[in-house]
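Peer 1: Here you go, sequence then predicted model.
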Amino acid sequence: MSEKNREGKRTAREKLAVEREKQKSAEKRRRALIVGASVVCVLGLAAVIGVVAANAGKDDGGDSAGPVVAPSGAQGEDGLALPVGKDSAPSTLVVWEDFRCPACKSFEDTYRSTIHELTDAGQLKVEYHLATIIDGNMGGSGSRNSANAAACAQDVGKFAEYHDVLYQNQPPEPDDAFADDAKLFELAAKVDGLDTPAFRSCVEKGTHDGWVDKSNAAFRSEGLTGTPTVLFNGKNIYQDQTMTPQKLKQQVQEAAKG
């Protein structure tokens, strides 16, 4: 073999060795990139998990309401209605209210005696549904806290009486007085037999907060936008400008006659 051929083969082997080294280096870089990307993905996943964990249990309203515990005797779909009157009554009045709502107080002050007369006579049943829209509009937690307290009163058969006391002593709309348990206990003392350790514990623990939140969610899902919403046998009478306590009484009595 000539010197020229030997030199050619040596050069080819050297070129091949160099190419192999280049391929090895490229492979090392590729593996390093894969490992690095994997680490970034793992760290990114950990960061996402951390954010999810940090926000767990939070909602737009702040504190988690806990489990949904319906008050004793609640009726209707999902047990969201607090009934007053006899189930056998021929007419039903469905009332959506917020204890902080001034318009609700106005309705109650105007119609209270007539509603009492008709429920006592067995001619009308009222289903109260509680909402918390003033908390959302004005801030605070008085709507929710007073609704929970009313549900606690329902547990011992004192809802109707406490319901009336809350409206008769409603603070001005911007005043979140009902957020204070002490205020709710003060008003409970006006209802015979209500201000008991069991009632106080129920209020302090927010036993029915989850139920109140579910009721408010139902209010919004129904497409209702304001309180009070008052339905007599399915018709919204609060929007009827001609409606009066006397007219309601006449309609209820006519329905009772069949």
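Peer 2: That came in fine, so what should we check first?
Peer 1: Only C-alpha atoms from now on, for both contacts and neighbour counts.
Peer 2: OK.
Peer 1: Low-confidence regions, this protein specifically.
Peer 2: Scanning the chain for pLDDT under 70 picks out 1-65.
Peer 1: State the distance from the spatially most central residue of it to residue 191.
Peer 2: The centroid of the chain falls nearest to residue 213 when counting by C-alpha atoms, centre = their mean (2.7 Å). Distance check for residue 213 against residue 191: by C-alpha to C-alpha, to the nearest Å, it reads 25 Å.
Peer 1: rewinding a little: go ahead and measure how far the strand or helix carrying the residue nearest to the centre of the chain is from the middle of the chain.
Peer 2: Counting by DSSP states H and E, the element that carries residue 213 is helix 209-221. Centroid separation for helix 209-221 versus its chain: 4 Å, with C-alpha atoms, centre = their mean, to the nearest Å.
Peer 1: for stretch 198-206, same thing?
Peer 2: Put simply, stretch 198-206 sits 19 Å off its chain's centre (C-alpha atoms, centre = their mean).
Peer 1: next one: stretch 173-193
Peer 2: Worked out by C-alpha atoms, centre = their mean, stretch 173-193 lies 22 Å from the chain centre.
Peer 1: Stretch 156-173 too?
Peer 2: With C-alpha atoms, centre = their mean, you get 21 Å for stretch 156-173.
Peer 1: list the buried ones in that stretch?
Peer 2: 158, 159, 160, 161, 162, 163, 164, 165, 166, 167, 170, 171 (16 or more other C-alpha atoms under 10 Å).
Peer 1: Make a markdown table from those residues and add secondary structure and distance to residue 246 to it.
Peer 2: What follows is the buried residues of stretch 156-173, written out as a markdown table (DSSP: H, G, I helix; E, B strand; the rest coil; distance: C-alpha to C-alpha, whole Å):
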| residue | secondary structure | distance to residue 246 |
| --- | --- | --- |
| 158 | coil | 27 |
| 159 | helix | 25 |
| 160 | helix | 22 |
| 161 | helix | 23 |
| 162 | helix | 25 |
| 163 | helix | 22 |
| 164 | helix | 20 |
| 165 | helix | 23 |
| 166 | helix | 24 |
| 167 | helix | 21 |
| 170 | coil | 25 |
| 171 | coil | 28 |
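Peer 1: Between those residues, which sits nearest residue 130?
Peer 2: Taking C-alpha to C-alpha as the measure, residue 130 lies nearest residue 163 of those, at 10.8 Å.
Peer 1: mind checking how far that closest one is from residue 229?
Peer 2: Applying C-alpha to C-alpha to residue 163 and residue 229 gives a distance of 16 Å.
Peer 1: picking that back up, any idea how far the residue nearest to the centre of the chain lies from residue 198?
Peer 2: 22 Å.
Peer 1: One more: residue 150?
Peer 2: Residue 150 is 13 Å from residue 198, by C-alpha to C-alpha.
Peer 1: Quick check on these two: which one has the bigger neighbour count.
Peer 2: residue 150 (27 against 14; other C-alpha atoms under 10 Å).
Peer 1: And the strand or helix carrying that one, what does it pack against?
Peer 2: Here residue 150 is covered by helix 142-155, with elements defined by DSSP H and E. The contact analysis (3 or more C-alpha pairs under 8 Å, 6 or more residues apart in numbering; DSSP states H and E) places helix 142-155 against helix 133-138, helix 159-168, helix 181-188, helix 197-205, helix 209-221.
Peer 1: now the fourth one and helix 142-155, what's the angle there?
Peer 2: Counting by axes from the mean of the first three to the mean of the last three C-alpha atoms, to 10 degrees, helix 197-205 points 150 degrees away from the direction of helix 142-155.
Peer 1: In helix 197-205, which residues are buried?
Peer 2: For helix 197-205, burial by neighbour count (16+ other C-alpha under 10 Å) applies to 199, 200, 202, 203.
Peer 1: Just the strands from the chain, written as ranges.
Peer 2: According to DSSP state E, the chain carries its strands in the segments 82-84, 91-97, 124-130, 229-232, 235-236.
Peer 1: any idea which of those is most buried?
Peer 2: strand 124-130 (a mean of 24; mean count of other C-alpha atoms under 10 Å).
Peer 1: Who are the packing partners of that one?
Peer 2: Using 3+ C-alpha pairs under 8 Å, 6+ apart, strand 124-130 is in contact with strand 82-84, strand 91-97, helix 102-120, helix 209-221.
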